[in-house]
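> Next comes the sequence, and after it the predicted model I'd like to discuss.
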Amino acid sequence: NYVMNDIYTDIIGEGYPLVLVHGYFGSSNMWCNQKKTFSNYFKVITPSLPGYGESYRLKSLSNIKDMAEAVIKITKENNISKFHLMGHSMGGMIVQEIVKISPKIVDKLILFGTGSIGDIPGRFEPIDVSRERLKKDGVKSTANRIAKTWFVDGDKAKNFYLCEEAYQNVNQETGDCGLVAMKNWRGIENLKDINQETLIIWGNLDKAYNYEQVKTLNENIKNSRLEIINGCSHNAHLENIEEFNNLVLNFLGK
């Protein structure tokens, strides 16, 4: 475990680097079931974004480009010049932005439970509604309410506790900054410039990002394929761990 510039970054395993970027209200530890498996084949790098998870003491960022720059900085500080890259949800926006800023450093790309615009039509509620409710209900209650939509079984899901742990120390400002960052982000025009071999993963019961979103990614990224995990919501990597991990490992040639 390295802590560079206070952005908490967990590094585990040996081999070719694989960088995993978590989503809204997430943390490095949300990938715990992936780190275990992937670290048998790769050097797995999982930062917690400023304000989130183990980096909760840091001031949060309110735009996706700044978040992307923060992740690029981590790779540079660890002398990682080229890597496979996966982003989930808001992290999927961040990784698209990383490819836009530094296309040469990204080898294969995995976009998981994400889309090409931040304020998604068909999201379980518009982002402005989430911002209002965050202001009114506070961060814990909002995070809990939103995280329930990420699992088919809501807060009864076996791995829901990982979400609870992740948002435990997130403050109001970080909660709002993330929503603002997503609301103001558009990546749709840049999809045609993604030349990386790209895997798109989506749970067919995802309430945060609907099928239109992943279809748009798949249709506009030249070298992409879409894999759908049935019976899962937004956190397919915590709901059907084995199927998710196998899809990723097959795509990365392991």
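On my side now, so go ahead. Numbers count the residues shown, from 1 in each chain.
> Run through the helices of the protein in chain order.
In the chain, the segments counted as helices under DSSP state H are 32-38, 64-77, 90-101, 127-137, 139-148, 160-167, 172-183, 211-220, 236-239, 241-251.
> how near is residue 177 to residue 88?
18 Å (C-beta to C-beta, to the nearest Å). (C-beta placed from N, C-alpha, C; glycine too.)
> again but with residue 77, I slipped
Distance from residue 77 to residue 88, counting by C-beta to C-beta: 23 Å.
> Which one of the two is surrounded by more residues?
Neighbours per residue, other C-beta atoms under 10 Å: of residue 77 and residue 88, the larger number sits with residue 88, 27 against 13.
> Do you know the pLDDT at that one?
On the pLDDT scale, residue 88 is placed at 98.
> For the remainder of this discussion, apply numbering that starts at 9.
Got it, the first residue is 9 from now on, which makes the last one we talked about residue 96.
> That one: what's it in contact with?
For residue 96, the contact set (C-beta atoms under 8 Å, 6 or more residues apart in numbering) comprises 28, 29, 30, 31, 34, 38, 120, 121, 122, 245.
> ok, and the closest non-adjacent residue to the last one?
Take residue 245 and drop its neighbours on the chain: the residue closest to it by C-beta to C-beta, 6 or more residues apart in numbering is residue 252, 4.6 Å away.
> need the contact list for the one you found.
Here residue 252 is in contact with 42, 209, 237, 244, 245 (C-beta under 8 Å, 6+ apart).
> Can you list the low-confidence ranges for this protein?
The model of the chain has pLDDT under 70 over residues 9-13.
> cutoff 80 now
For the chain, applying pLDDT under 80 flags the ranges 9-14, 129-130.
> Let me know the outermost residue of it.
residue 144 (26.1 Å; C-alpha atoms, centre = their mean).
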